[in-house]
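J.: return atomic coordinates for the entry below.
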Amino acid sequence: MKWGLVLCFLFLTVKCFSQDKTVDGIVFEKESKDRVATVSIHNITTGISAYNNLKGEFAIAAKPGDQLVFTKAEYHPDTIKIISNAPLAIYLERLAIQLNLVTVHDTVLSPLMRLRASQRDFSKAYGSLAYSDFLTSPSSGGAGLSIDALWNAFSREGRNAAHLRETIQRDFEQNSIDFRFNPTYVGNITGLKGEKLASFMLRYRPGYYTTQTASEYEFVAMIRANFRRYMRNQRTYALPALVTPSVIN
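T.: Numbering: from 1, shown residues only. All right, here's what the predicted structure looks like:
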């Protein structure tokens, strides 16, 4: 009986000791190698969160196999898998560096740049409305209506132009969502890949207002909360299997 109690006590002690292990380290900026403070560290395996201190140092409860996500405004999120309890050196890359590279290689234009380009390409559809309100202020003073505004409001061509402007605006809003809620960004936060990532992004795609008003912290927190919901019921949110149509000869 005594030996059984001793073994039980040792088992509980070892279990508690294993749960109390922490992983520590320092967060640096990738380019300058300067320390980065107030970085959010989230253990997506256990749900525990913490911030590093003003020296860039952090400590968080974690064990081998856990996944940690490091996030901070103006930096790309970074996700790592714990291999051991050895101290970690984390290097975060600034978002501005990626934007500069995108501009140089001309692979992706920002949503606002694409909107301005569309306004230039379809300048007649916008007229003065591209840069002013329906009500304008004539040079003589007082409120009045511009000729372009009247043309856009009452002519058939003007109604077509209004429809085109609505289409361009919708495209701008969708491009803005895609620009912030992109697979690389979401994948780094959730650890999802392939079909699971596509399924998650389709199910939890945010609205335009959210992408424009949410801070980096709020946006990441929203993705994490949705990720927990997704993991609780993956089958419900899974993409349907692709069906190969039969070929009729």
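J.: switch to C-alpha atoms for all contacts and neighbour counts from now on
T.: Will do.
J.: strands of this structure, residue ranges please.
T.: 22-29, 40-43, 49-51, 57-61, 67-71, 78-81, 88-92, 135-136, 144-145 (DSSP state E).
J.: now these as CSV including mean pLDDT?
T.: Listed next are those as CSV, based on pLDDT from 0 to 100:
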stretch, mean pLDDT
strand 22-29, 91
strand 40-43, 92
strand 49-51, 90
strand 57-61, 93
strand 67-71, 93
strand 78-81, 93
strand 88-92, 93
strand 135-136, 41
strand 144-145, 43
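J.: point out where this protein drops to low pLDDT.
T.: Within the chain, the segments meeting pLDDT under 70 span 1-20, 96-109, 118-119, 121-162, 234-249.
J.: residue ranges for the helices of it, please.
T.: Listed in chain order, the helices of the chain (DSSP state H) span 2-19, 95-105, 111-121, 123-126, 147-154, 156-180, 183-190, 194-203, 208-213, 216-232, 234-237.
J.: can you say which of the strands of the chain is packed in most?
T.: Comparing the strands of the chain by mean neighbour count (mean count of other Cα atoms under 10 Å), strand 67-71 ranks first with a mean of 22.
J.: what's the angle between it and strand 22-29?
T.: 30 degrees (axes from the mean of the first three to the mean of the last three Cα atoms, to 10 degrees).
J.: tell me what the spatially closest residue to L88 that is not a sequence neighbour is bridged to.
T.: Counting by Cα to Cα, 6 or more residues apart in numbering, L88 lies nearest to G25, which is 4.3 Å off, once chain neighbours are set aside. Beta-bridge pairing for G25 (DSSP bridges): F58, L88.
J.: again with D78
T.: Bridge pairing for D78 - DSSP bridges - gives F70.
J.: ok, it - contacts?
T.: Each residue near D78 by Cα atoms under 8 Å, 6 or more residues apart in numbering is listed here: 69-71, 92, 188-189.
J.: these: which two are farthest apart?
T.: Farthest pair in the contacts of D78 (Cα to Cα) is L92 and I189. Separation: 13.4 Å.
J.: identify the contacts common to the two.
T.: 77-78.
J.: number of nearby residues for R170?
T.: Neighbour count of R170, defined by other Cα atoms under 10 Å: 13.
J.: I misspoke; the intended subject was H76.
T.: 21.
J.: L95 is in contact with that one, correct?
T.: Yes. H76 lies in contact with L95 (Cα atoms under 8 Å); the separation is 5.8 Å.
J.: tell me, what's touching those two both at once?
T.: With Cα under 8 Å, 6+ apart, H76 and L95 have no common neighbours.
J.: identify all contacting residues around stretch 27-38.
T.: With contact meaning Cα under 8 Å, 6+ apart, stretch 27-38 is reached by 26, 39, 51-58, 72, 89-94.
J.: try stretch 214-234
T.: 71-74, 186, 189-190, 200, 204, 211, 237.
J.: let's go with 10 Å and repeat that
T.: 40, 42, 44, 47, 71-75, 77, 180-181, 185-186, 189-192, 196, 199-201, 203-206, 210-211, 213, 236-238 (Cα atoms under 10 Å, 6 or more residues apart in numbering).
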